[in-house]
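Visitor: Output the structure for:
(one chain, ligands or ions: 2)
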Amino acid sequence: MSNKLDVVLGLQWGDEGKGKMVDVLAGRYPAVARFQGGPNAGHSLQFEGKTFVARSIPSGIFRPGSINIIGNGVVLDPIEFMEECSNVSKLGVDPKEKIRLSKKAHLILPTHRLMDAALESAAGKGKIGSTLKGIGPTYTDKIARRGLRVGDILRPDFEQRYEALKAVHLREFKSLGFECDPDAEKGKWMEAVEFLKGFEIVDCEYFVNDFLKNGEMLAEGAQGSMLDIDFGSYPFVTSSSTTVGGACTGLGVPPSSIGKVFGIFKAYCTRVGSGPFPTELFDEDGETLRRVGHEFGAVTGRPRRCGWLDLVALNYASTIDGVSDLIMMKSDCLDSFDRIKVCVSYEVDGERTDHFPFDTTAVIKPVYKEFKGWKKDLSAIRDFNGFPSEFKDYIAFIEEYMGRRISIISVGPDREATIER
Ligand code: IMO
Ligand code: MG
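Guide: Numbers count the residues shown, from 1 in each chain. Ligands and ions are numbered 1, 2, ... in the order given. As a prediction, the model looks like this:
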């Protein structure tokens, strides 16, 4: 029997603190793999007083001896990747030794990034609020069966293929009336493509399945389940499968290989970009969450929208993902509140429901349960029994509502500020 592929997923709208948790978990696995998304992700790792934001590179990169795989489901921007690798090198780690690239991962071209900007500006008020990293346009070309993949860089006619895809983009720029210099970054991009050739480029599906015969692996999700292309608040989503099935298609492993599914959520909610956010706060409480939680984008620097924990959305995501272990992050950010609210159902058009609505234009009114705040500093506590009773009540309520156990609680950014039960 083979070993299992454990999966760690964000259950909300991204930025749940996946970086810290993958970093904590990565030490237990000899390999970490990214299976979807691209440099739209920003996973902050903190160690030895340093901060590193992992974008395309799996968060296991700084763990001694670990193998880090960029799977076929990922979209890779050679320029961003090269820059990220240079930052890894500066911290004393050789990326070429530790990273494996899937031949089948799709490449983000400079014109994909321009297309992201062109489409967003054409969308006006209906814009998604994308990170402008070219994610949507690259996946569009993948599905349209004309994308370029990492394995293609070794073909003698690679540049012709590049020009052919660029020509498709130019036609679309013309019809959108979008003006740009499509070749402004071509030289730099081709240079970065040469840099990719220094890496081990693998058949990810064989590599991962072979690896699982002898060792365990952790699959690191990016974005969150509420941004999933199928199950998120479409069209205000990202363009990949961020839910558990994405780990199978994004690495080439069967569902029977999946072991634990760690579902990460914050003790409150945030969202960057547009789209429904039922528990969003526009008052002082929202400001406090943003300030205390440092809720500003790791990729774009945008202030994040903040609100109370939404159990309707969390339950929806956990069900789709088959979460075995819930992980609650940033609990300490609620320390100062007198009262803490949790959304337990919605009122949509005057009707109570516990389903996340299909219609993203629906007016959703959250129905809250209120808790008494604990008004104590959680960040120094290292033992579950040391938690204030009000906080234990908060945890117990979430667990009962979800029918799942919260097995890890984070009370601060450091690796040590992690309480396992
Ligand atoms: P991590 O991995 C938070 C959001 C964008 C936008 C929508 C689509 O750090 O949790 P895209 O560029 O993917 O086409 O944008 O998705 N988004 C994220 N929000 N964290 C992320 O990644 C995100 N990646 C994309 O803000 O609303
Ligand atoms: Mg992010």
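Visitor: Give me the phi and psi for the residue of the stretch 151-300 of the chain found nearest ligand 1.
Guide: For the stretch 151-300 of the chain and ligand 1, the shortest gap (CB to the nearest ligand atom) falls at residue 273, measuring 2.1 Å. The C-beta positions use only the backbone N, C-alpha and C, and glycine is treated the same way. When read as degrees, to the nearest 10, the backbone of residue 273 gives phi 80, psi -180.
Visitor: Which pLDDT value goes with residue 46?
Guide: With respect to pLDDT, residue 46 scores 83.
Visitor: give me every residue that touches the residue nearest to it when sequence neighbours are not counted.
Guide: The shortest distance from residue 46 to any non-neighbouring residue, by CB to CB, 6 or more residues apart in numbering, is to residue 413 (5.3 Å). Contact partners of residue 413, counting by CB atoms under 8 Å, 6 or more residues apart in numbering, are 20, 44, 46.
Visitor: all helices for the stretch 151-300 of the chain, in order.
Guide: Ranges of helices in the stretch 151-300 of the chain, per DSSP state H, counting those that start in this stretch, are 158-176, 186-196, 204-214, 245-249, 284-292.
Visitor: elements contacting the first one?
Guide: Packed against helix 158-176, as judged by 3 or more CB pairs under 8 Å, 6 or more residues apart in numbering; DSSP states H and E, are the following elements: helix 110-123, helix 135-143.
Visitor: is stretch 127-143 up against ligand 2 anywhere?
Guide: No - on the criterion CB under 5 Å from the ion, stretch 127-143 is out of touch with ligand 2, staying 8.1 Å away.
Visitor: so how far does that stretch reach from one end to the other?
Guide: Start and end residues of stretch 127-143 are separated by 21 Å (CA to CA, to the nearest Å).
Visitor: State the mean pLDDT of that stretch.
Guide: The pLDDT scores in stretch 127-143 average 97.
Visitor: Only the buried residues of that stretch, if you could.
Guide: 128-139, 141-142 (16 or more other CB atoms under 10 Å).
Visitor: next one: stretch 404-419
Guide: Buried-residue list, stretch 404-419, by 16+ other CB under 10 Å: 404, 406, 408, 409, 410, 411, 412, 413, 417, 418, 419.
Visitor: contacting residues for the residue of the stretch 151-300 of the chain closest to ligand 1?
Guide: Residue 273 neighbours (CB under 8 Å, 6+ apart): 128, 129, 130, 131, 236, 302.
Visitor: what does the chain put close to ligand 2?
Guide: Contact residues, the chain versus ligand 2 (CB under 5 Å from the ion): 14, 15, 42.
Visitor: What is the nearest of the residues you listed to ligand 1?
Guide: For those, the nearest to ligand 1 is residue 14 (2.5 Å; CB to the nearest ligand atom).
Visitor: Which helix or strand contains the closest one?
Guide: Here residue 14, judged by DSSP states H and E, is contained in no helix and no strand.
Visitor: That one against residue 225, yeah?
Guide: No - the criterion here is CB atoms under 8 Å, and residue 14 misses it with residue 225 at 9.5 Å.
Visitor: Neighbour count: the two, which is higher?
Guide: residue 225 (32 against 28; other CB atoms under 10 Å).
Visitor: now residue 410: how far from ligand 1?
Guide: Applying CB to the nearest ligand atom, to the nearest Å, the value for residue 410 to ligand 1 is 15 Å.
Visitor: Look up which residues are beta-bridged to that residue.
Guide: With DSSP bridges applied, residue 410 shows beta-bridge pairing to residue 418.
Visitor: how close does it sit to residue 241?
Guide: According to CB to CB, to the nearest Å, residue 410 and residue 241 sit 26 Å apart.
Visitor: which outside residues touch stretch 56-66?
Guide: Identification of contacts with stretch 56-66 by CB under 8 Å, 6+ apart yields 18-19, 22-23, 26-27, 29-34, 38-39, 41, 43, 45, 47, 52, 54, 67-70, 74, 76-77, 80-81, 84-85, 88, 91, 93, 95, 98-99, 218, 220.
Visitor: Now residue 237: closest residue in space that isn't a chain neighbour?
Guide: In this structure, residue 237 finds its nearest non-sequential neighbour in residue 227, 5.0 Å apart by CB to CB, 6+ apart.
Visitor: So that neighbour is in contact with residue 242, correct?
Guide: Yes - between residue 227 and residue 242 there is a contact under CB under 8 Å: 5.7 Å.
Visitor: The two: which has the busier surroundings?
Guide: For residue 227 and residue 242, the more surrounded residue by other CB under 10 Å is residue 242, and the numbers stand at 33 against 28.
Visitor: So the more buried one is in contact with residue 220, correct?
Guide: No - Residue 242 is beyond contact range of residue 220, at 11.4 Å (criterion: CB under 8 Å).
Visitor: count of residues packed around residue 420?
Guide: There are 10 residues near residue 420, going by other CB under 10 Å.
Visitor: Would you mind listing which of the contacts of stretch 56-66 are buried?
Guide: Listed as buried from these are 18-19, 22-23, 26, 29-34, 38-39, 41, 43, 45, 52, 54, 67-70, 74, 76-77, 80-81, 84-85, 88, 93, 95, 98-99, 218, 220; burial here means 16+ other CB under 10 Å.
Visitor: Narrow these to those in strands?
Guide: Using DSSP state E, 31-34, 43, 45, 52, 54, 67-70, 76, 99, 218, 220 are the members of those that sit in strands.
Visitor: show me where pLDDT drops low in the stretch 301-421 of the chain?
Guide: Of all residues in the stretch 301-421 of the chain, none has pLDDT under 70.
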